[in-house]
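Asker: Build the 3D model from these lines:
(chains A and B)
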Amino acid sequence: MFETRHLTRRFGDLVAVDDVSFQVPDGSTVGFIGGNGAGKTTTMRMIMGLLAPDAGDVLWNGAQITAAERRTIGYMPEERGLYPKQQVLDQLVYLARLRGASTAGARAEAMQLLEAFGLGDRAKEKLEKLSLGNQQRVQIAAAVMAEPAALILDEPFSGLDPDAVDSLSEVLSTRTATGVPLLFSSHQLELVERLCDRLVILSQGRVVADGTGEELRSRGTARHRLVMDTDTGWVRDMTGLSVLDVDGPRALLILDDDAARRALLTEALARGEVRELAEIRPTLAEIYREVTR
Amino acid sequence: MNTKNLWLTVAGHEMSVKLRDRGFIISTVLMLAVIAGALGFAAWQNTREQTFTVVTTDTVSAQVAEAIEPVARANGSDARVEHVQASDEGEARARLADDDDAAWLHRTESGWVLTFGGSSDSQLLSYTSTAVSQGALTEIATQAGLSGEQLAAAMNVTSEELDPNAGFTMRGYMVGLTFSVLFMVSSLLFGMQIAQSVTGEKQSRVIEILAAAVPTHQLLLGKIAGNTLMALAQMALYLAVGLIGLSQTDLGSFLPGLSGSIVWFLGFFLVGFLALACLWAAAGALASSQEDLQHTSQPLTWLLMAVYVVGFAVHGQAQTVLSFVPIVSCVLMPARLATSGVPWWQAVIALAITLAFVPLAIWIGSMIYNRSLLQTHGRVSLKQALGRQAA
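Answerer: Predicted coordinates:
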């Protein structure tokens, strides 16, 4: 498990990361969400030791992280880059060896990953000959190789086609299944919701939400939809709720409490056929908009 | 994980990349071809005998024609002069028409004439006129009652130097020039490659992955070790081919005296290159793109240019003093060893001073390297790199 505690970094007058604390428990996948400039990359670079924090700590299993522990983290930086003029396989082997893998082991693992990403027949080509999407897959392979103790991936899914997204999430879940904690950032909210156990939402350098998808949703304002076979205009006279919208047989409401819901249902049944009375779960996008506003 | 030996992995990678780099292989082979070609040409020039044919139609001219070859030999030429006696002018002219290298020597009222079949040859003309004047002088001397030896003594001029070990000598100049060129070309080439490889890693952003996996001093050490080894191997290869080639020419007689200084040169080259390698890496780290590298590597380029010029332009006392100054000594001390009797302990002192300079250069270089490596946006100024705390 790794975590940040009160991590802060300023660039001149700008506070890029402001008192950021969150945890990435073993075996869990944490999605790091935030707009451009929210501080995701800066936070990740501080965790990796590529940037010194002005305040705060990075902890590894509860203690201050060491350089040796950082070296076991598989990292994919925001600004992509490998060696454009070197062979795909060669550079994967080199980078894995730098992280402690044996040459033979690295070679086997690299081939296995390239196969999984559909690049098995291009291992001997120079990286620059590959399309950008395929270069991205090689980049991901570089990060997950050599049995990383944790994974920190900055926008790993950007620019990938749906097939690649699937094969990447598969590769990642095999890693987390062995207990590896994974932190990745993304703009693709649906994807994050699908893959992550927890979400950390960053806005202007601050953590504005942290929890499971369920927790975040329940924190948002719950709305109810009522659908009947007759006009629902009468809801405007009810107490204990506020009306967002009435459109003939449909009404969109915010209920104050359970008593209000029971009262609403009783009244509705007395007035006609109730087709639906359901809570509308806010989407993550709505939560995101709400908390980052 | 043990990170102490990661530099070996980095060094191995640097070398394997270089050995598979087509540009590197082609330039090495080309350079070897140039060296072998130049020496081969010199050897060929050496062995080639130039042959002139001199046609004469009268006995006096024939006597002069016979004297031309000895004159040429006395002037250090291997040219052969073949004498052909023709019966008359018609036959002589016919001979010239057939042979462009032939010339007809004959006497007119206004003096001697050398008629060439092709274009006139200044060397043959010069040898012939010397032979003519010697003949004339001998005749006059005999009439005046002088012996051949007396005449020769009266005409002979040789050269000597007051102190062959002092000041400018052609041989010293050539050796100094050779070492200067080798040192400059090789350290510029390999130094630039180190800088480019550092900048390339910054430009392609792979540096973030590397720096996350490897302590930067290990990265620097590996880069320097790999490239220095390659530079030294390439230099040794050039020198070996050059020496083998040289031994096939007349200049081979210099070799026994040179071999010691060549070993010294390789030793100095290794130490000098090591010192500079770190600074090259720093120049590379200051730049974020290959375009910036032009600027950040300029101080080193100037330094090497200065060493190059000093290497062959400075002589006498200035040379002695400068041969103890780090980096410059890499060229000057081997040159002095090759040309004058320098006691071995002086070379050892010069080498020790350069060796002492290495840690200083490494310290400055690695400090700049560490502090600039992760600044991937724009050029980092020296002031920034030395003044800023590590990020």
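Asker: and the stretch 151-300 of chain B, which of its residues are near chain A?
Answerer: Proximity of the stretch 151-300 of chain B to chain A, by C-beta under 8 Å from any C-beta of the partner chain, involves residues B:200-201, B:203-215. Glycine gets a C-beta too; all of them are placed from N, C-alpha and C.
Asker: May I have the residues that are in contact with B:S366?
Answerer: Neighbouring residues of B:S366 by C-beta atoms under 8 Å, 6 or more residues apart in numbering or on different chains: B:T216, B:H217, B:L220, B:C278, B:A281, B:A282.
Asker: swap in B:L232?
Answerer: By C-beta under 8 Å, 6+ apart, B:L232 lies in contact with B:L266, B:F269, B:L270, B:F273.
Asker: just the buried members of those residues?
Answerer: B:F269, B:L270, B:F273 (16 or more other C-beta atoms under 10 Å in any protein chain shown).
Asker: Can you name the residue of chain B nearest to chain A?
Answerer: B:R205 (2.9 Å; C-beta to the nearest C-beta).
Asker: Tell me the spacing between that residue and A:R137.
Answerer: Per C-beta to C-beta, to the nearest Å, B:R205 is found 17 Å from A:R137.
Asker: Those two: which is more packed in?
Answerer: Higher neighbour count among B:R205 and A:R137: A:R137, with 25 against 17, using other C-beta atoms under 10 Å in any protein chain shown.
Asker: Show me what the residue most central in space within chain A is bridged to.
Answerer: Chain A has A:G31 as the residue nearest its centroid, 2.0 Å off, counting by C-alpha atoms, centre = their mean. On the basis of DSSP bridges, A:G31 is bridged to A:F184, A:L199.
Asker: how close does it sit to chain B?
Answerer: 21 Å (C-beta to the nearest C-beta, to the nearest Å).
Asker: Do you know the pLDDT at that residue?
Answerer: On the pLDDT scale, A:G31 is placed at 92.
Asker: same question, B:V321
Answerer: 88.
Asker: The chain - how does it break down into domains?
Answerer: Going with chain A. Annotated domains of chain A cover A:2-217, A:221-292 [automatic domain parsing].
Asker: Can you look at chain B instead?
Answerer: B:6-43+B:169-387, B:49-155.
Asker: where do the strands sit along chain B?
Answerer: Assigned by DSSP state E, the strands in chain B fall at B:51-56, B:80-85, B:102-108, B:111-116.
Asker: Report the angle between the first one and strand B:111-116.
Answerer: Counting by axes from the mean of the first three to the mean of the last three C-alpha atoms, to 10 degrees, strand B:51-56 lies at 130 degrees to strand B:111-116.
Asker: just checking, what packs against strand B:51-56?
Answerer: Applying 3 or more C-beta pairs under 8 Å, 6 or more residues apart in numbering or on different chains; DSSP states H and E, one finds that strand B:51-56 contacts helix B:59-74, strand B:80-85, helix B:89-98, strand B:102-108, helix B:122-144.
Asker: one more time with 6 Å
Answerer: When contacts are defined as 3 or more C-beta pairs under 6 Å, 6 or more residues apart in numbering or on different chains; DSSP states H and E, strand B:51-56 packs onto helix B:59-74, strand B:80-85, strand B:102-108.
Asker: repeat for the longest one
Answerer: Counting contacts by 3+ C-beta pairs under 6 Å, 6+ apart, strand B:102-108 is packed against strand B:51-56, helix B:59-74, helix B:89-98, strand B:111-116.
Asker: can you check the last one too?
Answerer: In terms of contact count using 3+ C-beta pairs under 6 Å, 6+ apart, strand B:111-116 is assigned the packing partners strand B:102-108, helix B:122-144.
Asker: Going by neighbour count, which residues in the longest helix seen in chain B are buried?
Answerer: Secondary structure assigned by DSSP state H gives helix B:170-203 as the longest helix of chain B. For helix B:170-203, a neighbour-count test (16+ other C-beta under 10 Å) marks B:172, B:174-180, B:182-184, B:186-188, B:190-203 as buried.
Asker: Select the longest helix from chain A.
Answerer: helix A:162-177.
Asker: got the contact list for it?
Answerer: Outside helix A:162-177, the residues that touch it by C-beta atoms under 6 Å, 6 or more residues apart in numbering or on different chains are A:G27, A:T29, A:A116, A:F117, A:I140, A:F157, A:L182, A:L195.
Asker: hmm, try it at 7 Å
Answerer: Under the criterion C-beta atoms under 7 Å, 6 or more residues apart in numbering or on different chains, residues A:27-29, A:116-117, A:133, A:137, A:140, A:144, A:151, A:156-157, A:160, A:182, A:191, A:195 lie in contact with helix A:162-177.
Asker: With stretch B:98-107 instead?
Answerer: Counting by C-beta under 7 Å, 6+ apart, residues outside stretch B:98-107 touching it are B:52-57, B:60-61, B:64-65, B:92, B:95-96, B:112-118, B:124, B:128.
Asker: what's the spacing between A:T72 and chain B?
Answerer: From A:T72 to chain B the distance is 7 Å (C-beta to the nearest C-beta).
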